[in-house]
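[1] Any chance you could fold what I've pasted below:
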Amino acid sequence: MLRQGGLLVAIVGPRPDPDDAERRGLRCAFVLVRRNAEQLAEIARLIDEGKVRPRLAKVFPLADAAEAYRLSETGHARGKIVLSVGE
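    Numbering: from 1, shown residues only. Coordinates of the predicted model:
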């Protein structure tokens, strides 16, 4: 759900249609994501400093990976689903 004038950013799937977005009072963008070690290190630093807080849906032990997968398939998880490996 977006408010009027909100920005829809897509990173997977079909590119959003700018004309359709405009008719709905929205803006849209498609971002191609590539791995970048420097950017990942910066994101980790921001998380460590508490400046960015990722939303976690649930953390599962590795033994419960099948249950984590089932949750991901529902499409209803709000946040990241994490598998914990070790302590």
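
[2] Bridged to the nearest residue to D17 once chain neighbours are set aside, which residues?
    Excluding its sequence neighbours, the residue lying closest to D17 (CB to CB, 6 or more residues apart in numbering) is C28, at 7.6 Å. Glycine gets a C-beta too; all of them are placed from N, C-alpha and C. Under DSSP bridges, the beta-bridge partners of C28 are L8.

[3] Which helix runs longest in this protein?
    For the chain, the helix that runs over the most residues, judged by DSSP state H, is helix 37-48.

[4] Could you look up the next helix or strand downstream of that one?
    Going down the chain from helix 37-48, the next helix or strand is strand 56-61, by DSSP states H and E.

[5] ok, and for that following strand, which residues are buried?
    For strand 56-61, the neighbour count (16 or more other CB atoms under 10 Å) marks F60 as buried.

[6] which residues touch the following helix or strand past that strand?
    The first helix or strand that comes after strand 56-61 along the chain, using DSSP H and E, is helix 65-74. Contacting residues not belonging to helix 65-74 are listed as 57-58, 60, 77, 81-83 [CB atoms under 8 Å, 6 or more residues apart in numbering].

[7] Farthest pair within those residues?
    Greatest spatial distance among those (CB to CB): A77 and L83, at 13.2 Å.

[8] Quick one: neighbours of the residue nearest to D17, just the number.
    For C28, the neighbour count with other CB atoms under 10 Å is 19.
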